[in-house]
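S.K.: Pasting the sequence and the predicted model now:
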Amino acid sequence: MNLDTVRVERGTKASRIFAVVAVLLLAALVAMPWWGDAGDMRLAGEMAYYVALAQLWNLLAGYAGLVSVGQQAFVGLGGYALFYLTGQMNMNVYLALLIAGPFAGLMAIPVSFAVFRLRGAYFAIGTWVVSEVFALLASLIAVLGAGSGLSLTVSILREVSPDRGSRDAILYLMSLGVAVLVFAVVYLLLRSRHGLALTAIRDSEPASASLGVNTFRTKFIIYIATAACTGLIGGLVFLQKLRISPEAGFSINDWTVVVIFMVVIGGIGTLEGPFIGMLVYIVLRELLANYGTIYLMLMGAIAIAVMLKAPFGIWGFVVQRYDLQLFPVGRRLVSGQSEPPAGSQ
Amino acid sequence: MMNWLNILIQGSLLGGFYALFAIGLSMSFGIMRLVNIAHGDLIVLSAYVALVVTENTGLDPFESLIIVVPVMFVLGYALQRGLLNQTLSGGLLPPLLVTFGISIIIQNGLLQSFGAYDHRLKEGAIETSSLHLPGGIDIGVYPLLVFVVAILAIAGLQLLFYRTRLGRAFRAVSDDADTAELMGIDNRKLYALALGIAMIFTAIAGVLFGIRTIFAPLAGPIRLILAFEAVIIGGLGNMWGTLIGGIVLGVAQAVGAAIDPNWQILAGHLAFLAILIIRPSGLFPRTRE
């Protein structure tokens, strides 16, 4: 092969076409306050923060190999930080929201000293214990409302925006903004050389370490960064819920189990998977929510079936079948004239 | 002084409970490296099976074990054979997520069948009788019984592992599954048998726990966490270590509860995290990861 005509391809035809579609879709979502009602915006805002949580968990578990079942710790910490700073310290709500994320990230540093001692599934349960510790502490601390939690006052809500209509729109747009921000960070990270290191860790930790990847430092940075982003989302979520309690803030089901479900169904270790998984989850939930416990049992059964029969999820199946990449993060070596060969990443 | 001695004794007896919770978890990790997220829910499920048996047959909870134990053994065997064996070759996530799914199904299945109410198994006078020791220390007969059961269970398992052909096969697959298979061991069958046997201890733990405290469909996860903490504190793969881990956890909780009743569970978690930071592989590690 003549080396002059060989180049590294970062995108695909499909990804370039999809980029246009994605921009149009995003424009429509940004314009939603002008064409949708409050109910639409609430659902779309929820979808936005769930997809952000799913992207973050996917980065942790799918790439860095850190299967955490304790991310609710950071959702709760972010939520409590917002409520404490606004309610007790009279801080401006936007400023408090900006602090909630870094606060959760800061708390993740001592947490990592303990949980990074554990590997694999034991790491998972270790993170869960940590989250239980935060929930128990919150339920014992009087200024945090102890077991019954805290509520946001009307005056704090007025700080977001004085009238209700524009408040709904602002909260929705913030959720959307955070989702876009998180996705952009994850996407650009994975396309960078750090992303290459992460992908290598995903595929084989010992092999990547032997090639000079500092696996501990990479994992540590990813853990802290995801905690900070998760904390920011937590602040935003509970700003919309208006109330926080230890059970709601540190709920493993709401903030971790559901998110894992999305990532696994959609396809772990891909950027497209969390979007698809989130859509599947929301559709199932809207269709089956009236069936209560049976619906949750069905979710459990679907997760088991996907894990056993299609461990790479819906998007994994699509990639295998059609070699489609909407958000390419890999590098393909192609010769100058011809189209990229199928199946290389 | 007597007060602290009392805390130490009560905490140790509580530790017998946690060791009993932990045996099944420790065993399935030791033999097939399976971390069973549904472990706590299986303990709670055992208590519900006992509830159904006692309500329908007139057996008391202890006697109900002659039905609960075989039922849970078969369930464990079938779960491993039908589902979990398929997850063991594919890395970390499949077993974790499949057992997570099983956990959600058990919790919601119990909610659907029994409602969210608290239940309790009633064994009668033994629950409240106690031995009076000099110095004003009372030892509950029931916690003492549970502690003795935990010791007997671990001793029985040690006999199984080190004195029988089956135990030798378990140790062989634990050390090197591929080589064991080459030597003619049917790993899949052996794993199914291992989870079945682990579930015998889970069933006993579930029934004994159902007599001591109220239980509800969502009581599983905290039992899993306590069992897990006992295993990690004691050191992976070391059964006697697990008993000591349970005792350390129980004493930490008793100390916490003596300071403030709300601190009981938290004190246990904090002791666990402290040990994790000081001695990451537990007090008496044996199994490699």
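M.R.: In hand now; what should we look at?

S.K.: Could I get the full set of helices for the stretch 201-345 of chain A?
M.R.: Applying DSSP state H, counting those that start in this stretch to the stretch 201-345 of chain A gives helices spanning A:205-210, A:215-241, A:246-249, A:252, A:258-266, A:273-288, A:293-309, A:313-322.

S.K.: and those, which is most packed in?
M.R.: helix A:258-266 (a mean of 27; mean count of other C-beta atoms under 10 Å in any protein chain shown). For every residue, glycine as well, the C-beta is placed using N, CA and C.

S.K.: Tell me which residues are up against it.
M.R.: If you take C-beta atoms under 8 Å, 6 or more residues apart in numbering or on different chains as the criterion, helix A:258-266 is touched by A:50-51, A:53-54, A:57-58, A:61-62, A:69, A:71, A:272-278, A:280-281, A:299, A:302-303, A:306-307, A:313-315, B:93, B:97, B:100.

S.K.: Quick check: phi and psi at B:Leu236.
M.R.: Phi and psi for B:Leu236, reported as degrees, to the nearest 10, are phi -60, psi 140.

S.K.: hang on, it packs against B:Ser281?
M.R.: Yes: assessed by C-beta atoms under 8 Å, B:Leu236 is found in contact with B:Ser281 at 7.2 Å.

S.K.: So these two - more neighbours on which side?
M.R.: The residue with more neighbours, out of B:Leu236 and B:Ser281, is B:Leu236; 21 against 16, by other C-beta atoms under 10 Å in any protein chain shown.

S.K.: how much space between the more buried one and B:Phe201?
M.R.: Taking C-beta to C-beta, to the nearest Å as the measure, B:Leu236 falls 17 Å from B:Phe201.

S.K.: ok, now A:Pro110?
M.R.: Counting by C-beta to C-beta, the gap from A:Pro110 to B:Phe201 is 35 Å.

S.K.: ok, these two, which is more surrounded?
M.R.: Between A:Pro110 and B:Phe201, counting by other C-beta under 10 Å, B:Phe201 is the more crowded of the two (27 against 11).

S.K.: Tabulate the helices of the stretch 201-345 of chain A (CSV), appending mean pLDDT and distance to A:Ser175.
M.R.: Below are the helices of the stretch 201-345 of chain A laid out as CSV (pLDDT from 0 to 100; distance: least, C-beta to C-beta, whole Å):
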stretch, mean pLDDT, distance to A:Ser175
helix A:205-210, 85, 34
helix A:215-241, 94, 6
helix A:246-249, 94, 18
helix A:252, 91, 22
helix A:258-266, 93, 15
helix A:273-288, 92, 13
helix A:293-309, 89, 23
helix A:313-322, 86, 23
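
S.K.: export the ones you listed to TSV and tack on distance to A:Phe18?
M.R.: Converted to TSV, those look like this (distance: least, C-beta to C-beta, whole Å):
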stretch	distance to A:Phe18
helix A:205-210	29
helix A:215-241	24
helix A:246-249	36
helix A:252	34
helix A:258-266	16
helix A:273-288	11
helix A:293-309	24
helix A:313-322	13
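
S.K.: How are the strands of the chain distributed by residue range?
M.R.: Just so you know, I chose chain A. Along chain A, the segments classed as strands by DSSP state E run A:6-9, A:150-151, A:243-244, A:332-335.

S.K.: The intended chain is chain B.
M.R.: Counting by DSSP E, chain B has strands at residues B:130-133, B:137-140.

S.K.: closest one to A:Leu29 among these?
M.R.: Ranking those by their distance to A:Leu29 (criterion: C-beta to C-beta) puts strand B:137-140 first, at 61.6 Å.

S.K.: Return the most buried member of the strands of chain B.
M.R.: Using mean count of other C-beta under 10 Å, strand B:137-140 ranks as the most buried of these, with a mean of 15.

S.K.: What average pLDDT does that one get?
M.R.: For strand B:137-140, the mean per-residue pLDDT is 86.

S.K.: Output it as PDB, restricted to C-alpha atoms.
M.R.: This file holds the C-alpha atoms of strand B:137-140, laid out as PDB (Å, rounded to 0.1, in the frame of the first residue of the first chain):
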ATOM      1  CA  ILE B 137     -25.400  -9.300  82.000                       C
ATOM      2  CA  ASP B 138     -28.300 -11.000  80.200                       C
ATOM      3  CA  ILE B 139     -27.700 -13.200  77.200                       C
ATOM      4  CA  GLY B 140     -30.700 -13.900  75.000                       C
END
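
S.K.: What helices and strands are in contact with that strand?
M.R.: With contacts defined as 3 or more C-beta pairs under 8 Å, 6 or more residues apart in numbering or on different chains; DSSP states H and E, strand B:137-140 has these neighbours: helix B:2-32, strand B:130-133.

S.K.: Tell me which of those sits most buried.
M.R.: The most buried one of those (mean count of other C-beta under 10 Å) is helix B:2-32, showing a mean of 23.

S.K.: In terms of secondary structure, what does that helix contact?
M.R.: Against helix B:2-32 (3+ C-beta pairs under 8 Å, 6+ apart) you get helix B:39-57, strand B:137-140, helix B:141-163, helix B:165-175, helix B:187-212, helix B:220-234, helix B:239-259.

S.K.: Settle this for me: B:Leu133 is touching B:Leu144, isn't it.
M.R.: No: judged on C-beta under 8 Å, B:Leu133 makes no contact with B:Leu144 at a distance of 11.3 Å.

S.K.: ok, A:Ile233 - contacts?
M.R.: A:Tyr49, A:Ala52, A:Leu53, A:Leu56, A:Val75, A:Gly78, A:Val178, A:Val182.

S.K.: where's it relative to chain B, distance?
M.R.: To chain B, A:Ile233 is 22 Å away according to C-beta to the nearest C-beta, to the nearest Å.

S.K.: what does A:Gly273 give?
M.R.: Relative to chain B, A:Gly273 is positioned 13 Å away (C-beta to the nearest C-beta).

S.K.: I'd guessed that residue sits against A:Asn58; true?
M.R.: Yes: counting by C-beta under 8 Å, A:Gly273 touches A:Asn58, with 6.6 Å between them.

S.K.: Which residues of the stretch 201-345 of chain A lie near chain B?
M.R.: With C-beta under 8 Å from any C-beta of the partner chain as the criterion, the stretch 201-345 of chain A meets chain B at residues A:252, A:257, A:260, A:264, A:268, A:292-294, A:296-297, A:299-301, A:303-304, A:307-308, A:311.
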